[in-house]
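[1] Next input, structure requested:
(chains A and B)
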Amino acid sequence: MSSFSTSPGTRDILTPDAARWRKFQDVFASVVEEAGYGLIIPPIFEDLGVFLRLGEATDVVTKEMYDFEDKGGRRVALRPEQTASVCRAFVQHRPTTPWKVWYAGPNFRYEKPQQGRYRQFDQVGLEVLGVEDPYLDAEVIALAAQFYARLGLKEVQLSVNSLGDAGDRQRFTDVLRAYFESHLGELSEDSQVTLTKNPLRVLDSKRREDQAIIANAPRIRDYLSPTAAEHFAAVLAALDAMNIQYVIDDRLVRGLDYYRRTTFEFVSTALQAAHTAIGGGGRYDGLVEELGGPATAGIGFALGLDRTLLACDAENVFPAPNTDVFAFVVDTTGGYEAALVCNQLRMARIGTDRAFDNRSMKAQMKAADRSGAQVAIIIGSNELEAGQAVIRPMNSGEQYSVNRADLLAAIQNEVSKFQSAN
RNA sequence: GUGGGCGUAGCUCAGUUGGUUAGAGCGCCAGGUUGUGGUCCUGGAGGCCGGGGGUUCGAGACCCCUCGUCCACCCCA
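    So this is what the prediction gives:
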């Protein structure tokens, strides 16, 4: 008999990991909603054209798109990221600006899976449309930093750069192309290919033979227009004032073509793997226009959920949450009493679980232990006859009997004892 | 897409130059303890040794193909 398993690059997230995922998204939601951001839930697939605007030279578009034709003959794609969807939504609904939104959910890229990289991967992120103010750039970066701090991460390094305005970027690209072409023979073969498509991305090469040439390459900072330079300086000044540590990385160009002005990236220095970038973002002031909307400033970031959790593991922070089961009912009289007690306690909003199939007391106690419950409620034949129940706090050897009529109150008392102890 | 490592029980892995009925630890189930978990002891269940083909008297071991997985490159979160 044949069986099935998950497709390459996808996997089941089981509890307790899944509970940790949800907690991760909850923490992110609280950080950004307290800053005035509202949740947006775009569709998981969209018209392919939405994503083609990410840049014709980007790998995300040229080789990683999960696109297909639906039964209606429409060319659609599973989203590779959510920024383009948010901009499309902006054009479609024309909300008043500033439009501050956040999101969480899966994205899809057809890549070869490896450590920290999956074909279906989750991100949390935020976007702001309609604001040019450099202090927004600082706010956005600060929120990401605040989120990492809330998780307990300490070994996160922030890199920032400015790619200038569209004109700056073009001028710099030309200069860069000329520079690399004059050193063509010294570049790796891969970089020579990259050069023809997008000279900026050569700066991103990690190949050893390219490093010396890259180190002496022209710097974007020398090609910024006065307004772009002023913008960048204001961002850095705000980061300084907020005491947010950063390094300026001239080579930080990022993979998507739409970035303008401020770009940034968060790297976990606790990770040893190839992929240590746990989050990144930047300005994309032309993207809304590309999608048929009015000229609108935009900025945002996306944080990789998987990688960030890997970083949490490496730093031994942000553990999976505890169970919500407070009481576990052990009933050796057939299970009927457990049904009643569970229902009573759950109606009172006390987390309660039980065993089924009339298993032995030993087995049920073992299940109670594994459930993470604080107390076991034991009902055997003696208790049934006497109209009582035994309450056994799991972390002590003591236990006591109460009348069934007093059971709820007694458990509520255990709840308050537990809460005050924590 | 390119290169390399690895696929043996639910999990982590042993398995000697090919040689009888394929092992351990953990986990699970049961018993010791006919009313008590976390420690301990005993026992049990659970494997077409990823799949297909080949070499051989004989393959979990060797060869080919294939699928999966991990790592690295490319690129990205």
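[2] Skipping adjacent residues, who's closest to the residue of the stretch 51-200 of chain A found nearest RNA strand B in space?
    Nearest residue of the stretch 51-200 of chain A to RNA strand B, counting by C-beta to the nearest atom of the strand: A:Gln115, 3.0 Å away. Using the backbone N, CA and C atoms, a C-beta is placed for each residue, glycine as well. Closest residue to A:Gln115 apart from its sequence neighbours, by C-beta to C-beta, 6 or more residues apart in numbering: A:Ala273 at 4.4 Å.
[3] same check, this time on A:Phe266
    That would be A:Gly279: by C-beta to C-beta, 6+ apart, it lies 4.2 Å from A:Phe266.
[4] How about A:Gln123?
    In space, A:Gln123 is closest to A:Ala302, 4.4 Å off (C-beta to C-beta, 6+ apart).
[5] how close does the one you found get to A:Glu315?
    Using C-beta to C-beta, to the nearest Å, we find A:Ala302 at a distance of 21 Å from A:Glu315.
[6] hmm, back to that, and the residue nearest to A:Gln115, how far is that from A:Arg117?
    Look at A:Ala273 and A:Arg117: by C-beta to C-beta, they are 9 Å apart.
[7] neighbour-wise, which of the two wins?
    Comparing A:Ala273 with A:Arg117 by other C-beta atoms under 10 Å, the one with more neighbours is A:Arg117, at 17 against 14.
[8] which residues sit in contact with that one?
    By C-beta atoms under 8 Å, 6 or more residues apart in numbering, the contact list for A:Arg117 reads A:9, A:111, A:275.
[9] Repeat that for A:Ile379.
    The contact partners of A:Ile379, taken as C-beta under 8 Å, 6+ apart, are A:329-333, A:337-338, A:341, A:389-390.
[10] which among those residues gets closest to RNA strand B?
    With C-beta to the nearest atom of the strand as the yardstick, the closest approach to RNA strand B among the contacts of A:Ile379 comes from A:Val390, at 4.7 Å.
[11] Can you show me the strands along the stretch 201-350 of chain A?
    Secondary structure of the stretch 201-350 of chain A (DSSP state E, counting those that start in this stretch): strands at A:247-248, A:260-268, A:277-283, A:298-304, A:327-331.
[12] Identify the residues contacting the first one?
    Okay, so that is strand A:247-248. A:157-161, A:221, A:236.
[13] again, only this time at 10 Å
    A:157-162, A:219, A:221, A:232, A:236, A:267 (C-beta atoms under 10 Å, 6 or more residues apart in numbering).
[14] Which one (most neighbours) among those residues?
    A:Ser162 leads the contacts of strand A:247-248 on contacts (other C-beta under 10 Å) with 29 neighbours.
[15] Quick one: residues contacting it.
    A:137, A:168-169, A:220-221, A:224, A:228-229, A:231-233, A:235-236, A:248, A:250, A:252, A:259-264, A:282-283.
[16] pLDDT weak spots in the stretch 251-400 of chain A?
    Per-residue confidence for the stretch 251-400 of chain A (pLDDT under 70) gives these ranges: A:255.
[17] Double-check the residue of the stretch 51-200 of chain A closest to RNA strand B against A:Ala314; I have them as touching.
    No. If you go by C-beta atoms under 10 Å, A:Gln115 and A:Ala314 don't touch, sitting 12.0 Å apart.
[18] out of the two, which sits in the busier spot?
    A count of neighbours by other C-beta under 10 Å puts A:Ala314 above the other of A:Gln115 and A:Ala314, at 17 against 13.
[19] check contacts around A:Arg261.
    Going by C-beta under 10 Å, 6+ apart, A:Arg261 touches A:132, A:134, A:137, A:161-166, A:168-169, A:224, A:227-228, A:231-232, A:235, A:282-285, A:297, A:299.
[20] Report the buried members of those.
    Among the contacts of A:Arg261, those classed as buried by 16 or more other C-beta atoms under 10 Å are A:134, A:137, A:161-165, A:168-169, A:224, A:228, A:231-232, A:235, A:282-285, A:297, A:299.
[21] got the domain boundaries for chain A?
    A:17-153+A:251-315, A:327-421 (automatic domain parsing).
[22] Looking at the ones you listed, which is nearest to A:Asp204?
    Closest approach to A:Asp204 among the domains of chain A is made by domain A:17-153+A:251-315 (5.8 Å; C-beta to C-beta).
[23] Now do the residue nearest to A:Val288 when sequence neighbours are not counted against RNA strand B, distance only.
    Leaving out its chain neighbours, the residue that sits closest to A:Val288 by C-beta to C-beta, 6+ apart is A:Thr296, at 3.9 Å. Distance, A:Thr296 to RNA strand B, by C-beta to the nearest atom of the strand, to the nearest Å: 20 Å.
[24] Neighbours of A:Thr296, how many?
    A:Thr296: 21 neighbours (other C-beta under 10 Å).
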